[in-house]
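**Q** Fold the stuff below for me.
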Amino acid sequence: DDAVMRRFPRRIYIPLPDEDARRALLQHLLKKAGKHNLAPYHVSSLIKSTNGFSCSDITSLASDAAFGPLRSLSTSMMLSSSSSPRTTTSLQAIQSVKTQDIRPITIQDFQDSLQSTLTSVSPSLLSKYKTWEQQKAAK
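**A** This is a model prediction of the structure:
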């Protein structure tokens, strides 16, 4: 909205992260997440798959992937307890597990998350931002 944009004294276009920025962000998020078994070639694959993602999109993707081990844990515990008369909820299953019993984050967790994660910046919007940068952004 031009009326809103006029109220900002300085306007700066910040492009989407390039490969190096996506690599640094993913490595930081993986370190922060803890246990994972992603090899460098997995990270390279994720960098290619996240072309067009914003930093926020990548953070959301990594957060969703980090829940993969908990989702599979609650599913496997629910299946194993289905033969017993006791009913276990997903939350109870997760609360009763030991930290060392949670599997590491895998490339499959990221691939599953990529299926449901959408980019927040469409190609047409990106084109508009680039045009705006050329016309109005501070240099």
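
**Q** Going by secondary structure, the spatially most central residue of the chain is in what exactly?
**A** The centre of the chain sits closest to residue 61, judged by C-alpha atoms, centre = their mean, with a distance of 1.4 Å. Taking DSSP states H and E as the criterion, the element that holds residue 61 is helix 55-66.

**Q** same question for that helix, mean pLDDT?
**A** Taken as a whole, helix 55-66 has a mean pLDDT of 95.

**Q** Tell me the buried residues in it?
**A** Within helix 55-66, the residues that count as buried by 16 or more other C-beta atoms under 10 Å are 57-58, 60-62, 64-66. The way it works is simple: take the backbone N, C-alpha and C, and place the C-beta from them, glycine included.

**Q** now stretch 113-127
**A** Across stretch 113-127, burial judged by 16+ other C-beta under 10 Å covers 113-114, 117, 119, 121.

**Q** Helix, strand or coil: sort out residue 22 for me.
**A** The local conformation at residue 22, judged by DSSP: H, G, I helix; E, B strand; the rest coil, is helix.

**Q** so it sits right up against residue 50, yeah?
**A** Yes. The pair residue 22 and residue 50 passes the contact test of C-beta atoms under 8 Å, sitting 5.4 Å apart.

**Q** Which residues does the helix holding residue 61 contact?
**A** Contact with helix 55-66 is made by 17, 21-22, 25-26, 29-30, 33, 50, 53, 105, 109-110, 112-114, 116-121, as judged by C-beta atoms under 8 Å, 6 or more residues apart in numbering.
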